[in-house]
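# give the three-dimensional model of this entry:
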Amino acid sequence: MSVSHNISIIGRVTLFTAAVSALLCTLLALVVMIAVQRYATGVLTSEIRSAGGRVAMTVEDRGRADGPLAQQPGRNIQVVDTQGRVVESTPTLRGSPPMATFTADGQNTRQEVVCGGVFGEGNCDIVIAQSAHRPEGHWTVYAASPVVPLWVEPWLAALVGGSAALLAVAITYLGNRIVTTSLRPVCAIRRELDEINASCPSRRVPAPARRDEIHDLADSINHTLARLDAAMTQQRQFASDASHDLRSPIAAMRAEVEDALLAPDETSVTTLCDTLMGSLRRLGSIVTDLLTVARLDAGAPAVPAPIDLGELAAQECRLHHQTTKRLTCRLEPGVVVLGDRPRLGRLLTNLLDNADRHAESTITVNVQHKDDDRFPHGVAVLEVIDDGPGIAPDKRELVFQRFARLDAARTKDTGGSGLGLAIARQIAETGGGSLRIEDSDRGARFVLRLPRHAGHASDPTTVG
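Predicted coordinates:
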């Protein structure tokens, strides 16, 4: 593992800020020093040109310079005649040959940097040559001064360098403070997440007041925690309801077996088995429904295929022909949907079983096609209607909850597992449709809507 992986985000951002600020401040210091050096060189060049011009004018008027040639320390001036002899010079170069070999060549001035020679090894001077017009020809006045170094003055270099270093330190410190302050809510979120467990799933992480990415992260975490809390609550409720529904037939079976053991002469194996068979069927129904719910919750993949909803409903109607209720099926052919055949069959079976338990005398199944602008082929509509006591509008959604229990009018029987309608709605929604309870003249009217896949409507047929 590399070293950078062991450094915190604050450390990495601080190191990056320090490196970048040091580089930028160094470049800034160099730019400032170069700008100051060029400015100082320009000022020095003007002074050298002025000093040489003053001497040249004096030589033109009088043939010689009056007074000292240079008035500034470190400044050197030479007056060279047409033969290349040094006529006059500053004390430092007295007795030395001309400091340069170039002349103005008819121009007023000419400037070059001359290194070595009369200035000494390793020394460089700015030399400006100017012409002085004499009767015998053009004399040359050389004026020179050492070049301005990059640091100009030691104190100036120290000032600029120290300022750059302080600026880099200040930027690094501010960067560290900014990232530390920005990540402080993340630390609070982490601490809260470490303390959240199954015993306190309702807790939420703190969201910072600023509307930034961390605030959005906290919102996403809280939404996830809310979904997990709801799922855990539903799971606990599901486990509790399942345990309760499983316990009832088990308790009844146990009571029958205990009675048989206490009074073996008053019963027989056949009688006991007949008594237990009902509870066993109920247990089997509950376990089957629990397995179906588990598969649906796990997102088990469906096998979609074109299905004639009217044909499927006709098969289910034939399977329920032994019911004591009058079953009427009005089925429009050619109403094709795309779905998983076993799942849709289970949906219809659950609706018919529910209607059979609560109908007084009649069950009606309708399949038809209706136009719907949301779908290119319209929707397939299946209705299962019973003439029972019906369901109050404010409780129509409650019956689709798992193990939901209403009043005695709808729960007087014990044939259902409490999962049939929940499974039916989940299958409908998984297939892209909906299952709701809608208004009817009498009883309950369950309406299934699925996107129609293909097919053409024809005259409805009645199966009864």
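
# give the contact list for residue 18.
The contact partners of residue 18, by C-beta atoms under 8 Å, 6 or more residues apart in numbering, come to 168, 172, 175. All C-beta spots, glycine's among them, are computed from the backbone N, C-alpha and C.

# of those, just say which sits nearest to residue 90.
Using C-beta to C-beta, residue 168 comes nearest to residue 90 of the contacts of residue 18, at 45.0 Å.

# pLDDT at residue 106, what is it?
According to the prediction, residue 106 has pLDDT 60.

# likewise for residue 416?
So residue 416 comes in at 59 (pLDDT).

# repeat that for residue 5.
The model's pLDDT for residue 5 equals 63.

# helix/strand/coil for residue 366?
strand (DSSP: H, G, I helix; E, B strand; the rest coil).

# quick check: bridge partners of it?
Beta-bridge pairing for residue 366 (DSSP bridges): residue 330, residue 383.

# pretty sure it is touching residue 385, no?
Yes - counting by C-beta atoms under 8 Å, residue 385 is a contact partner of residue 366 at 7.5 Å.

# pick out whichever of these two has more residues nearby.
A direct count of neighbours by other C-beta atoms under 10 Å for residue 366 and residue 385 places residue 385 higher, at 22 against 19.

# spit out the contact partners of that one.
355, 363, 364, 365, 366, 440, 443, 444, 445, 446 are the contacts of residue 385 under C-beta under 8 Å, 6+ apart.

# that older thread, in helices, which of the contacts of residue 18 appear?
168, 172, 175 (DSSP state H).

# list the contacts of the last one.
Spelled out, that is residue 175. 13, 14, 17, 18, 21.

# show me which of these is closest to residue 375.
Out of the contacts of residue 175, the member with the shortest distance to residue 375 (by C-beta to C-beta) is residue 13, at 52.7 Å.

# the closest one - that's part of a helix, no?
Yes - under three-state DSSP, residue 13 falls within a helix.

# was I right about it contacting residue 177?
No - using C-beta under 8 Å, residue 13 is not in contact with residue 177, being 10.9 Å away.

# SS state for residue 449?
Relying on three-state DSSP, one would call residue 449 strand.

# identify the bridge partners of it.
residue 381, residue 434.

# quick check, it in contact with residue 379.
Yes - the criterion here is C-beta under 8 Å, and residue 449 meets it with residue 379 at 5.0 Å.

# now for the two: what residues contact both?
Common neighbours of residue 449 and residue 379 (C-beta under 8 Å, 6+ apart) are residue 433.

# send the alpha carbons of stretch 177-184 over as CSV?
Taking C-alpha atoms only, stretch 177-184 is exported to CSV below (Å, rounded to 0.1, in the frame of the first residue of the first chain):
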residue,chain,number,x,y,z
ARG,A,177,-8.6,25.3,7.8
ILE,A,178,-11.1,25.3,4.8
VAL,A,179,-10.9,21.6,4.2
THR,A,180,-11.0,20.9,7.9
THR,A,181,-14.1,23.0,8.4
SER,A,182,-15.7,21.5,5.2
LEU,A,183,-15.1,17.9,6.4
ARG,A,184,-16.2,18.5,9.9
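
# can you pull out the strands in the chain?
For the chain, the strands defined by DSSP state E occupy 76-80, 86-89, 109-115, 124-134, 137-146, 305-308, 326-331, 336-339, 362-370, 379-386, 434-438, 445-454, 461-463.
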